[in-house]
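Participant: For reference, the sequence and a predicted model appear below.
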Amino acid sequence: MSGRADSGQRAGTGRIPAVADPAHVRNVVLVGPSGAGKTTLVEALLAHTGVIPRQGTVLDGTTVCDHDPAAVRQQRSVALAVAPLLHGDTKINLIDTPGYGDFVGELRAGLRAADAALFVIPASEGHEGTIDPATVAQWEECAEVGMPRAVVVARCDHARAALEATTEACREAFGSGVAPLYLPILSAEGGLDGLYGLLSQTPADAAPDDADDARGELIEGIIEQSEDETLMERYLGGEDIDVETLIDDLETAVARGTFHPLIPVCASSGIGLDALLEVVVGGFPSPLEHPLPHVSGVDGGAHDSLAADPAGPLAAEVVRTSADAYVGRVSLVRVFSGTLRPESTVHVSGHIPAQRSAADEVTTRTDAAHDDNGHDADERLAHVYSPLGATLREVDSCIAGDICALTKLGSAETGDTVSAADHPLLLQAWDLPDPLLPVAVVARSRGDEDALVKTLSKIVAADPTLRLERNVETHQTVLWCMGEAHADVVLSRLRAGGAEVDTEPVRVKMRVTLARKARVTGRHVKQSGGHGQYAVCHVEFEPLPRGGEFVFESKVVGGAVPTQFIPSVEKGIRAQLERGLTAGGETSYPVIDVKATLVDGKAHSVDSSDAAFQTAGALALREAAEACGTVLLEPLDEVRVRIPDEHLGAVLGDLSSRRGRVLGTEVAGTGRTLVIAEIPGVELLRYAVDLRAMTSGTATFTRAFARYDAAPASVAT
């Protein structure tokens with residue numbers, strides 16, 4: 001986003017939409033596969049309503065929503081963007097989201113900010129006979145939370161457009177609740193020439209042959225899904241139901257999330273745009289009708305639920321954060337309760353990442369405010385803006401239910417809550433998938449190191465699907481991304497921030513243990529004038545079962561090793577365990593699963609010391625490694641893969657090729673299976689990419705460290 005009036009794109013010519021009543025706001029997120037035409041549709045609606053003077057194109061990089069340099073370069077959306085317009089006296093905030101699976105975090109943010117969803121399906125889908133599986137998964141995700149949905153069949157001017165077949169594919173994929181509100185009026189050449197309204201029965205002279213049957217089916221669906229039993233009796237009794245009554249029931253059915261109107265639209269000709277706007281205003285719920293997120297005090301204490309009341313306590317949420325070279329940090333905010341006003345002091349509170357595990361050291365977000373320490377700060381607002389893509393236009397206020405942009409909130413990160421300074425609140429964070437593709441980055445030169453650190457902090461604060469791991473063991477900076485496209489965008493933003501970086505192979509944290517039992521002597525004797533150093537210890541080492549870590553025991557009798565030096569031997573061994581041993585190569589790895597028993601030793605009345613016995617203990621462990629050999633251990637992760645049943649065979653075969661061991665399977669919903677397996681961590685470095693390719697983006701997985709186990713010779717070498 002940019003604070004300039006024109007940031008390399010066209011400034012809006014229409015007046016800034018302003019409303020004083022949440023009933024006159026509609027927040028609509030556009031969902032659909034990459035290339036479906038979501039951004040083009042938003043552009044057409046903005047031009048149609050006079051917000052912009054002319055319609056830009058994705059190919060030329062001139063659209064309002066695709067203002068990110070990476071989006072222009074890739075010719076696809078990579079970030080959420082908001083574009084408001086007015087239709088009558090209703091403000092519609094169109095929330096354009098990326099369709100590619102790597103940017104699911106932007107989609108989840110869009111769903112959080114919205115009260116309803118438009119699923120944009122290209123008319124060419126009918127030739128394939130099926131809807132993109134990832135889009136079906138997104139539909140099911142919306143269904144789980146009861147999000148009202150409608151379907152837009154877009155790109156009706158495409159050479160392969162097949163409206164009727166695409167409509168049937170939508171009904172097959174999304175269920176019988178999908179019903180057309182309009183039928184296409186086709187030209188002599190077969191193109192879309194207009195729409196026939198099934199409820200209004202206009203234009204009367206262009207009614208398709210099947211209009212009566214389609215209208216009857218539509219009315220029955222509306223009445224059934226709105227559960228208006230009285231109206232059903234009247235309809236079945238032959239009474240002619242007026243259009244206004246049907247529209248009221250239509251809104252009820254859509255708000256319940258059980259009925260989904262379908263509208264064909266052609267962005268290039270403008271056909272269907274007015275119909276779509278009418279459906280959004282008349283069929284979608286306002287913020288007053290949409291459930292609000294759970295709210296608590298900043299300490300996790302209970303708080304009364306909120307309503308979309310401009311006079312209520314202020315509770316807003318940062319749904320996206322970006323950085324602008326001119327105005328600094330820009331926070332895109334959905335106001336759930338209260339009113340945001342310029343020149344006011346607000347409280348910014350948020351959840352801080354928590355460590356996943358000692359073995360993984362990857363930061364993750366937690367949903368419970370009281371499960372982490374949080375972060376809190378009071379900040380003063382200077383201005384409140386209405387965002388139009390990258391352009392910020394100053395407004396007097398932003399009421400409950402609306403979306404705005406705030407600048408220079410230094411502590412605000414994506415997912416944070418903005419509330420009144422004298423009444424601080426915390427909204428429950430939304431669920432986000434874990435990033436599971438590691439990318440190790442390294443500054444190209446010493447001069448780039450400072451720029452890398454500075455830019456990384458900004459990018460991580462803005463992107464909740466990006467995790468930063470600074471691994472002190474492998475000495476690598478690892479970015480955990482959602483996939484290759486996400487990684488490409490992150491790297492391009494790093495370079496745009498002045499940090500020239502390269503990538504390198506990710507190193508997996510290995511361990512070493514002893515191969516067998518051995519009794520060795522650690523001898524540290526030095527004489528160099530004055531006090532010398534004298535310590536001898538006889539230690540039995542043996543490997544422990546996996547997970548045994550380290551056990552130390554003393555069986556010294558007769559004071560062969562003075563009591564005060566026995567802890568010194570243990571301390572020396574522990575230090576060497578951390579420094580590590582080699583396993584046939586040059587790299588040292590920490591040692592685990594070892595028992596050391598001190599059985600005997602020798603001391604000198606003058607030259608023995610704590611330091612000498614520490615050194616002798618460390619030497620004993622190194623002697624043991626020489627005497628009995630070492631075994632390289634690799635980390636195993638427990639992986640849970642949720643997949644559609646049609647991909648089960650391919651996924652199981654792939655797990656086997658990765659040296660995976662299937663622990664079990666479970667039913668995970670209709671047509672889905674959960675596979676639980678143990679897989680070596682080294683085999684999971686690109687699993688996020690490979691699994692998406694195998695399953696067309698329909699599978700998900702989680703991973704958690706399970707244990708270490710012996711690595712095969714191929715890994716050890």
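Facilitator: Arrived safely.

Participant: drop to CA atoms for contacts and neighbour counts, all remaining ones
Facilitator: Noted.

Participant: Could you count how many residues lie near E586?
Facilitator: 8 (other C-alpha atoms under 10 Å).

Participant: Work out for me the element it sits within.
Facilitator: Here E586 sits in a region with no helix or strand, counting by DSSP states H and E.

Participant: What backbone torsions are found at it?
Facilitator: Reported as degrees, to the nearest 10, the phi and psi values for E586 are phi -90, psi -20.

Participant: Also D60?
Facilitator: When read as degrees, to the nearest 10, the backbone of D60 gives phi -80, psi -10.

Participant: Excluding sequence neighbours, find me the nearest residue to it.
Facilitator: Nearest residue to D60 in three dimensions, chain neighbours excluded: V72, at 8.0 Å (C-alpha to C-alpha, 6 or more residues apart in numbering).

Participant: same deal with E164?
Facilitator: In space, and not counting its chain neighbours, E164 is closest to G126: 7.5 Å by C-alpha to C-alpha, 6+ apart.

Participant: now the one you found, what's its secondary structure?
Facilitator: The three-state assignment at G126 reads helix, by DSSP: H, G, I helix; E, B strand; the rest coil.

Participant: got the contact list for it?
Facilitator: By C-alpha atoms under 8 Å, 6 or more residues apart in numbering, G126 lies in contact with 161-169.

Participant: What of S568?
Facilitator: Taking C-alpha under 8 Å, 6+ apart, we find S568 in contact with 610-611, 613-614, 617.

Participant: can you check V675 too?
Facilitator: 639-643, 662-666.

Participant: That one sits in which helix or strand?
Facilitator: strand 672-680.

Participant: what's the average pLDDT for that strand?
Facilitator: Mean per-residue pLDDT for strand 672-680: 96.

Participant: Same question for whichever helix or strand comes after that strand: list its buried residues.
Facilitator: Once strand 672-680 ends, the next helix or strand along the chain (criterion: DSSP H and E) is helix 687-695. Buried residues in helix 687-695, counting neighbours by 16 or more other C-alpha atoms under 10 Å, are found at 687-692, 695.

Participant: Over to stretch 135-147?
Facilitator: Those would be 135-139, 142, 146-147, for stretch 135-147 by 16+ other C-alpha under 10 Å.

Participant: The longest helix belonging to the chain - contacts with which helices or strands?
Facilitator: For the chain, the helix with the greatest residue count under DSSP state H is helix 610-628. Applying 3 or more C-alpha pairs under 8 Å, 6 or more residues apart in numbering; DSSP states H and E, we find helix 610-628 packed against strand 511-514, strand 518-526, strand 533-543, helix 566-579.

Participant: Point out the most buried one among these.
Facilitator: Stretch with highest mean neighbour count among those: strand 511-514 (a mean of 27; mean count of other C-alpha atoms under 10 Å).

Participant: Does anything pack onto it? Which helices or strands?
Facilitator: Strand 511-514 packs on strand 533-543, helix 610-628, strand 630-644, going by 3+ C-alpha pairs under 8 Å, 6+ apart.

Participant: Please identify which of the ones you listed is closest to E239.
Facilitator: Nearest to E239 among the helices and strands packed on strand 511-514 is strand 630-644; the distance by C-alpha to C-alpha comes to 45.6 Å.

Participant: tell me the contacts of K509?
Facilitator: 473-474, 634-635.

Participant: Just the buried residues of these.
Facilitator: 634-635.

Participant: Quick check: bridge partners of R519?
Facilitator: Beta bridges link R519 to E540, judged by DSSP bridges.

Participant: actually V333, sorry about that
Facilitator: When assigned by DSSP bridges, V333 has beta-bridge partners V318, C404.

Participant: and the contacts of G126 as a markdown table, adding neighbour count and pLDDT?
Facilitator: Listed next are these as a markdown table, based on neighbours: other C-alpha atoms under 10 Å; pLDDT from 0 to 100:
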| residue | neighbour count | pLDDT |
| --- | --- | --- |
| A161 | 22 | 86 |
| A162 | 22 | 89 |
| L163 | 24 | 89 |
| E164 | 13 | 90 |
| A165 | 18 | 93 |
| T166 | 23 | 94 |
| T167 | 25 | 93 |
| E168 | 18 | 93 |
| A169 | 19 | 94 |
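
Participant: Let me have these in JSON lines, extended by distance to L427 and secondary structure.
Facilitator: Formatted as JSON lines, those follow (distance: C-alpha to C-alpha, whole Å; DSSP: H, G, I helix; E, B strand; the rest coil):
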{"residue": "A161", "distance to L427": "44", "secondary structure": "coil"}
{"residue": "A162", "distance to L427": "44", "secondary structure": "coil"}
{"residue": "L163", "distance to L427": "42", "secondary structure": "helix"}
{"residue": "E164", "distance to L427": "44", "secondary structure": "helix"}
{"residue": "A165", "distance to L427": "43", "secondary structure": "helix"}
{"residue": "T166", "distance to L427": "40", "secondary structure": "helix"}
{"residue": "T167", "distance to L427": "39", "secondary structure": "helix"}
{"residue": "E168", "distance to L427": "40", "secondary structure": "helix"}
{"residue": "A169", "distance to L427": "38", "secondary structure": "helix"}
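
Participant: Now flag whichever of these is closest to G401.
Facilitator: Nearest to G401 among these: T167, at 32.3 Å, using C-alpha to C-alpha.

Participant: how near is that closest one to H423?
Facilitator: Using C-alpha to C-alpha, to the nearest Å, T167 is found at 49 Å from H423.

Participant: Ignoring the adjacent residues along the chain, who's closest to the spatially most central residue of the chain?
Facilitator: Note on the chain: the residue nearest the mean C-alpha position is G105, at 3.2 Å, using C-alpha atoms, centre = their mean. In space, and not counting its chain neighbours, G105 is closest to T465: 5.8 Å by C-alpha to C-alpha, 6+ apart.

Participant: what about the one you found, is that helix, strand or coil?
Facilitator: coil.

Participant: give me the number of residues near it?
Facilitator: Considering only other C-alpha under 10 Å, T465 is surrounded by 23 other residues.

Participant: Next one, pLDDT for it please.
Facilitator: T465 carries a pLDDT value of 91.

Participant: Repeat that for A451.
Facilitator: 88.

Participant: Return the residues in contact with it.
Facilitator: By C-alpha under 8 Å, 6+ apart, the neighbours of A451 are 497-499.

Participant: show me what contacts C628?
Facilitator: Counted by C-alpha under 8 Å, 6+ apart, C628 has contacts 514-518.

Participant: Strands of the stretch 251-400 of the chain, residue ranges please.
Facilitator: Under the criterion DSSP state E, counting those that start in this stretch, the stretch 251-400 of the chain contains strands at 260-264, 295-296, 315-324, 328-337, 339-340, 345-350, 354-355, 363-364, 375-380, 384-388, 391-395, 398-399.
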